[in-house]
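A.B. asks: could you look at this predicted model? Sequence included:
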Amino acid sequence: MLIEQTEREILDPYWGNNLKTQIICKFKFANGGIATAAVSKTEEGNPDWDAIFEKFTIEQIDENTTDKIKSRDEIVLKNQIDDQKRIENMRRESLFLAKTDAFELDLVRTSKNTALKSKLRKAATPLEVMIFATMIAIENYQQITAQQNEQ
């Protein structure tokens, strides 16, 4: 059963391909329902295609297409920026946790080498954290072992 064209409104048509042989649009029906449809011109003719061009010009469809592309590009860029922020936050959190874990080690916590501990606090990567924590732990272990051997 075909729906009479008076029972619906055509909204937001834009080109569905670069050849301009397909239009994506929304049909808003009298009952409030909205459906997104891909409409193509056929050799036999397509009343939906004709109805779109009765209401919209090629220039309006071109403009809607440009707006859709711009909107999509803005969303893609925003998602990329959000992803970069999320990655940077995860990197910072990982670095913070690495430093916290390092300072929880007895051989690091009890060390009196403030210069190396300062470098550990200022470490910019997890690898630097591991290096400085290892240096502190080895030095402190050697000092503790030397003190025990003296006794």
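C.D. replies: That came in fine, so what should we check first?
A.B. asks: could you give the average pLDDT over the helix or strand hosting residue 101?
C.D. replies: Taking DSSP states H and E as the definition, residue 101 sits inside helix 58-104. Mean per-residue pLDDT for helix 58-104: 97.
A.B. asks: and if you look at stretch 122-140?
C.D. replies: Taken as a whole, stretch 122-140 carries a mean pLDDT of 97.
A.B. asks: for that stretch, buried residues please.
C.D. replies: Neighbour counts over stretch 122-140 (16 or more other C-beta atoms under 10 Å) mark 123, 126, 128, 129, 132, 133, 135, 136, 137, 140 as buried. For every residue, glycine as well, the C-beta is placed using N, CA and C.
A.B. asks: what's the spacing between the third one and residue 87?
C.D. replies: This means residue 128. Using C-beta to C-beta, to the nearest Å, residue 128 is found at 19 Å from residue 87.
A.B. asks: then the fourth one?
C.D. replies: Computed as C-beta to C-beta, the residue 129 to residue 87 distance reads 19 Å.
A.B. asks: cool, the first one as well?
C.D. replies: For residue 123, the distance to residue 87 (C-beta to C-beta) stands at 19 Å.
A.B. asks: could you do the fifth one as well?
C.D. replies: In this structure, residue 132 and residue 87 are 24 Å apart, going by C-beta to C-beta.
A.B. asks: now do the last one
C.D. replies: Distance of residue 140 to residue 87, given as C-beta to C-beta: 35 Å.
A.B. asks: quick check: domain ranges of this structure?
C.D. replies: Split into domains by automatic domain parsing, the chain comes to 5-56, 80-150.
A.B. asks: neighbours of residue 151, how many?
C.D. replies: Residue 151 is surrounded by 4 other residues when neighbours are defined as other C-beta atoms under 10 Å.
A.B. asks: picking that back up, past the helix holding residue 101, which element shows up next along the chain?
C.D. replies: Secondary structure here is assigned by DSSP H and E; on that basis, the next helix or strand after helix 58-104 toward the C-terminus is helix 106-109.
A.B. asks: check the offset of that following helix from the chain's centre.
C.D. replies: 39 Å (C-alpha atoms, centre = their mean, to the nearest Å).
A.B. asks: and for stretch 135-148?
C.D. replies: Relative to its parent chain, stretch 135-148 has a centroid offset of 47 Å by C-alpha atoms, centre = their mean.
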